[in-house]
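Asks: what's the 3D shape of this:
(one chain, ligands or ions: 2)
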Amino acid sequence: MTNPISLPLYERVARKNNIPRAVELIILFLLFSLLVYRLLSFKDHGLSWLLAFLCESCFTFIWLLTVSTKWNQVDYKTYPQNLLQWKPELPSVDMFVTTADPILEPPILTVNTVLSLLAVDYPADKLACYVSDDGCSPLTFYSLLEASKFAQLWVPFCKKYSIQVRAPFRFFSCEPVSSQDVSPQFQQDWKKIKDEYEQLSQKIEDASKRDMPCQLSGNFADFANIQRKNHASIIKVIWENKAGIANGVPHLIYISREKHPNHSHHFKAGAMNVLGRVSGVMTNAPLMLNVDCDMYVNNPQMVLHAMCLFLGANNNERDTAFVQFPQIYYDGLKDDPFGNQFVVLQECVISGMVGIQGPNYSGTGCFHRRKVIYGLSPEDKDIINGSNEALQEIFGRSMELTKSVAQILSSGLKTASPQQPQPHDLSNSIDAAYQVAGCSYEYGTRWGREVGLIYGSTSEDMLTGLTIHGRGWRSAYCSPDPPAFLGCAPSSGPVSLIQKKRWATGLLEIFFSPKSPLILTLKGSLQFRQSLAYMWILLWGLRSLPELCYAILPAYCINTNSRFLPKVGEPALQIPVDLFIIYNLYTLWEYLRTGLSTRAWWNNQRMLRVTAMSAWLLGTFSVILKLLRLSDTVFEVTQKDQSTGNDDNEANAGRFTFNKSPIFIPGTTVLLVNLTALAVRLLGFRLVASSGDGSGVGEVMCSVCVVLCFWSYLKGLFGKGKYGIPLSTIFKSGALVLLFVHLCKWTSMG
Ligand SMILES: O=c1ccn([C@@H]2O[C@H](COP(=O)(O)OP(=O)(O)O[C@H]3O[C@H](CO)[C@@H](O)[C@H](O)[C@H]3O)[C@@H](O)[C@H]2O)c(=O)[nH]1
Ligand SMILES: [Mn+2]
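Replies: Ligands and ions are numbered 1, 2, ... in the order given. Next up, the predicted model:
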């Protein structure tokens with residue numbers, strides 16, 4: 001059916017960004033001038049000149065990628081109020097939540113995410129929520145079981161009063177305010193539900209303190225005598241919307257896939273593929289929504305917003321392989337001291353990708369077309385007519401699954417639901433679900449290679465999105481107000497750096513894989529500029545090398561009495577000085593434009609240096625080890641804090657913390673190297689006898705800049721407990737500093 005009154009469901013708006021473009025080109029021009037100047041004056045200078053030239057070539061290349069990526073920034077506006085006449089044919093959605101560890105990811109967070117999903121504004125008979133628990137934890141199962149009882153009160157309550165925040169822990173964290181809320185009936189209901197929620201969280205809290213949350217019998221018998229990394233699948237229909245009531249509570253299904261020590265489980269990607277198959281044999285919705293356990297729904301209309309993009313594209317499926325929502329965090333620390341809120345990154349870089357072939361898939365807050373996840377290309381027709389045998393070869397031996405796959409591949413969004421007999425008894429498909437959740441099910445199939453989320457990177461999201469774009473699909477971006485999802489960002493130094501290390505690792509793994517963007521452009525249908533945008537992201541890890549080199553270059557020059565910058569008085573000095581000023585003012589302006597503070601700008605600039613020289617550097621090392629086949633990369637789950645009850649006092653929130661991890665060694669070394677150089681210079685003695693042409697004020701100022709960027713480390717040298725850098729790390733870095741001084745001597749003698 002076409003839209004009769006043709007009210008638009010969405011609009012694509014290109015941003016006017018001529019001034020930013022002009023400034024970006026000026027910076028690019030200055031970078032090239034600097035390179036040319038260095039080339040022309042090579043013969044008058046030594047090693048430091050060459051190193052500077054190499055680093056600056058890398059920076060220029062990255063800037064080129066940046067300019068190309070940000071060139072066409074585009075926003076989508078969605079109008080869910082215009083969806084009214086589509087109501088009867090809205091497609092169904094299977095919603096997936098992944099959790100992996102009841103300690104690092106407290107079940108109360110998962111419960112809140114699930115409750116917020118169950119309560120969205122969408123016909124409940126078209127929704128099903130599947131939770132994958134890689135922790136195989138009876139506590140998680142218990143929590144969900146209790147939550148499903150609470151949902152019977154919570155969902156009607158939210159819909160009756162059009163509550164905005166449907167994750168109870170957030171909703172009850174403040175008193176009711178809006179005008180309609182003051183009716184006595186509401187006050188009464190509010191109190192009652194609040195009491196119920198407090199009981200629920202108390203129960204979960206108590207259960208988590210016991211050795212076992214409850215007797216492992218009855219419903220829990222499957223959890224008796226199991227090991228977390230070695231157990232059979234457990235699949236439980238926790239709640240079934242049997243009668244298919246549109247304003248009831250959607251299905252809730254618990255899945256802990258089979259695990260075996262000799263079997264590679266592929267972390268989150270593996271979990272997502274099990275979710276895809278189990279939901280395929282149970283509800284088989286044409287759309288799948290995927291959220292991490294710590295990302296609750298903040299805008300109950302978000303499914304409708306996504307539908308505007310899926311349905312409004314005039315039956316042109318190619319434009320919306322998936323719809324990605326931005327990742328936004330709640331209770332973010334003021335001015336982003338750890339640089340992990342990525343506001344400007346999403347605002348400027350991702351919206352640039354939106355203008356090319358669409359945003360990347362970022363692992364959470366994303367709606368996928370099931371048929372795209374099943375490996376279809378926009379113009380594929382042959383796979384649709386595939387025989388049963390052919391389908392089994394691709395998707396595995398389950399008859400039920402192949403039947404459901406055939407149905408998905410041959411239909412669009414709107415026709416899929418009527419074919420699904422409603423009401424539908426989920427218990428009929430339990431056996432099929434167990435079969436497809438088994439850990440040997442994927443053997444000999446295309447799962448993880450061409451079908452489902454793609455294996456081989458700890459950033460499975462980026463790899464999967466890239467593969468989809470490589471087939472010629474486009475994706476869409478949706479950023480409604482209020483934000484659709486809010487998640488939890490790490491709030492300590494080590495956790496944040498370990499997370500970024502995993503990203504850098506995973507991204508670089510992709511760069512060195514057969515799915516590298518340039519290969520997909522040459523052999524597939526990835527657009528050239530989209531491929532450059534992907535490279536901008538995938539190369540984060542490698543950026544650590546020029547960054548590191550450039551950060552110790554000033555110290556090297558001071559030690560060896562040489563220069564890497566033009567002398568004061570030389571006209572060419574204007575180039576690096578202008579670059580420094582324009583670049584910094586420009587990025588600052590970008591922050592102010594986005595509504596952030598100068599402080600946030602400075603924090604992000606400095607954390608970018610710290611991240612590059614710690615997390616990204618170690619990420620690069622782990623990829624090298626993998627390429628040399630010395631070790632494999634692993635997905636280390638990020639620890640989630642519960643926002644309330646933080647034992648730290650306010651004053652220390654945002655203060656950088658350390659531990660014994662080797663991740664802090666490179667940063668500490670860079671800091672010490674520069675401090676030694678500055679001290680030596682101030683005291684006026686020579687570490688290295690040399691015939692250099694004399695380092696000047698420029699080198700000293702650069703060295704001071706590096707020290708400023710590592711200010712949190714400088715404080716860490718004198719801090720106590722978790723706020724201090726461990727002595728062992730300082731000693732190791734000290735040894736590296738000695739090595740560096742020797743290297744300076746050695747190179748300046750040669
Ligand atoms: O073996 C695993 C490991 C992780 N997860 C789940 O994956 C999600 C993301 O893990 P998290 O530790 O929170 O990683 P983040 O760094 O916060 O995640 C970002 O980066 C990941 C890729 O590195 C993406 O998968 C995520 O969606 C994206 O939010 C969580 O729900 C986990 O429960 C599993 O289900 N099984
Ligand atoms: Mn996360």
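Asks: which SS class is the residue of the chain found nearest ligand 1?
Replies: Using Cβ to the nearest ligand atom, the single residue of the chain nearest to ligand 1 is Gly363, 2.2 Å away. Glycine gets a C-beta too; all of them are placed from N, C-alpha and C. Following DSSP: H, G, I helix; E, B strand; the rest coil, Gly363 is assigned to coil.
Asks: Now for the residue lying closest to it once chain neighbours are set aside, how many residues are close by?
Replies: In space, and not counting its chain neighbours, Gly363 is closest to Asp461: 3.3 Å by Cβ to Cβ, 6 or more residues apart in numbering. Neighbours of Asp461 under the rule other Cβ atoms under 10 Å: 24.
Asks: mean confidence for whichever strand or helix holds Asp461?
Replies: In the assignment (DSSP states H and E), Asp461 maps to helix 460-470. Helix 460-470 carries an average pLDDT of 98.
Asks: just stretch 88-101 next, same as before
Replies: Rounded mean pLDDT across stretch 88-101 is 95.
Asks: got the buried residues for it?
Replies: Applying a neighbour-count criterion of 16 or more other Cβ atoms under 10 Å, one finds 90-101 buried in stretch 88-101.
Asks: got it, and stretch 287-299?
Replies: Neighbour-count burial for stretch 287-299, counted by 16+ other Cβ under 10 Å, picks out 287-299.
Asks: Is it positioned near ligand 1?
Replies: Yes - counting by Cβ under 6 Å from any ligand atom, ligand 1 has neighbours in stretch 287-299: 292-293.
Asks: That stretch: how far from the chain's middle?
Replies: How far stretch 287-299 lies from its chain's middle: 13 Å, per Cα atoms, centre = their mean, to the nearest Å.
Asks: picking up where we left off before, ok, which pair from the buried residues of stretch 287-299 is furthest apart?
Replies: Leu287 and Asp294 (22.3 Å; Cβ to Cβ).
Asks: Identify all contacting residues around stretch 141-148.
Replies: Here stretch 141-148 makes contact (Cβ atoms under 8 Å, 6 or more residues apart in numbering) with 107-108, 110-111, 114-115, 131, 133, 200, 203-204, 207, 213-214, 219-220, 223, 234, 236, 238-239, 249, 252, 254, 256.
Asks: can you tell me the average pLDDT over that stretch?
Replies: For stretch 141-148, the mean pLDDT works out to 97.
Asks: Mark which of the buried residues of stretch 88-101 are part of strands, please.
Replies: 93-99 (DSSP state E).
Asks: Using CSV, list the CA coordinates for stretch 436-450.
Replies: Listed next in CSV are the C-alpha coordinates belonging to stretch 436-450 (Å, rounded to 0.1, in the frame of the first residue of the first chain):
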residue,chain,number,x,y,z
VAL,A,436,19.8,-24.0,16.6
ALA,A,437,21.3,-22.9,19.9
GLY,A,438,23.8,-25.8,20.0
CYS,A,439,27.4,-25.0,19.8
SER,A,440,28.1,-27.3,16.8
TYR,A,441,25.1,-26.1,14.9
GLU,A,442,27.2,-23.6,12.8
TYR,A,443,29.8,-26.2,11.7
GLY,A,444,29.9,-26.3,7.9
THR,A,445,27.4,-23.5,7.5
ARG,A,446,27.9,-19.8,6.5
TRP,A,447,27.1,-18.4,9.9
GLY,A,448,29.7,-15.9,10.9
ARG,A,449,31.2,-15.7,7.4
GLU,A,450,28.4,-14.5,5.2
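Asks: what comes up buried for it?
Replies: Buried residues in stretch 436-450 (16+ other Cβ under 10 Å): 436-439, 441-442, 445, 447-448.
Asks: ok, then the element right after the helix or strand bottoming out on mean pLDDT in the chain?
Replies: When each helix and strand of the chain is scored by mean pLDDT, DSSP states H and E, helix 416-419 comes last, with a mean of 45. Following helix 416-419 in sequence order, the next helix or strand is helix 430-437 (DSSP H and E).
Asks: on contacts alone, who are the packing partners of the helix or strand Leu553 falls within?
Replies: With secondary structure defined by DSSP H and E, Leu553 is part of helix 540-560. Helix 540-560 makes packing contacts with helix 47-70, helix 493-511, helix 617-627, helix 665-683, helix 697-709, helix 727-749 when contacts are defined by 3 or more Cβ pairs under 8 Å, 6 or more residues apart in numbering; DSSP states H and E.
Asks: What is the neighbour count of the nearest residue to Val372 once chain neighbours are set aside?
Replies: Closest residue in space to Val372, ignoring its immediate chain neighbours: Ala321 at 4.4 Å, by Cβ to Cβ, 6+ apart. By the criterion of other Cβ under 10 Å, Ala321 has 27 neighbours.
Asks: Look up how far Ile408 lies from Ala321.
Replies: To Ile408, Ala321 is 14 Å away according to Cβ to Cβ, to the nearest Å.
Asks: Contact partners for Ser516?
Replies: So Ser516 contacts 510, 538 (Cβ under 8 Å, 6+ apart).
Asks: Can you give me the pLDDT of it?
Replies: 97.
Asks: do Asp632 as well
Replies: pLDDT, Asp632: 88.
Asks: So it: helix, strand or coil?
Replies: Asp632 carries the three-state label coil when classified by three-state DSSP.
Asks: I'd say it and Lys626 touch.
Replies: Yes - if you go by Cβ atoms under 8 Å, Asp632 and Lys626 touch, sitting 6.1 Å apart.
Asks: of these two, who's got more company?
Replies: Per other Cβ under 10 Å, whichever of Asp632 and Lys626 has more neighbours is Lys626, with 16 against 9.
Asks: what about Leu104, how many residues close to it?
Replies: When neighbours are counted by other Cβ under 10 Å, Leu104 comes out with 14.
Asks: Tell me which residues touch it, please.
Replies: By Cβ under 8 Å, 6+ apart, the residues touching Leu104 are 637-640.
Asks: Can I get the buried residues of stretch 88-101 in JSON lines including distance to Arg397?
Replies: Putting those into JSON lines (distance: Cβ to Cβ, whole Å) gives the following:
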{"residue": "Leu90", "distance to Arg397": "33"}
{"residue": "Pro91", "distance to Arg397": "28"}
{"residue": "Ser92", "distance to Arg397": "26"}
{"residue": "Val93", "distance to Arg397": "27"}
{"residue": "Asp94", "distance to Arg397": "22"}
{"residue": "Met95", "distance to Arg397": "27"}
{"residue": "Phe96", "distance to Arg397": "23"}
{"residue": "Val97", "distance to Arg397": "27"}
{"residue": "Thr98", "distance to Arg397": "25"}
{"residue": "Thr99", "distance to Arg397": "28"}
{"residue": "Ala100", "distance to Arg397": "27"}
{"residue": "Asp101", "distance to Arg397": "31"}
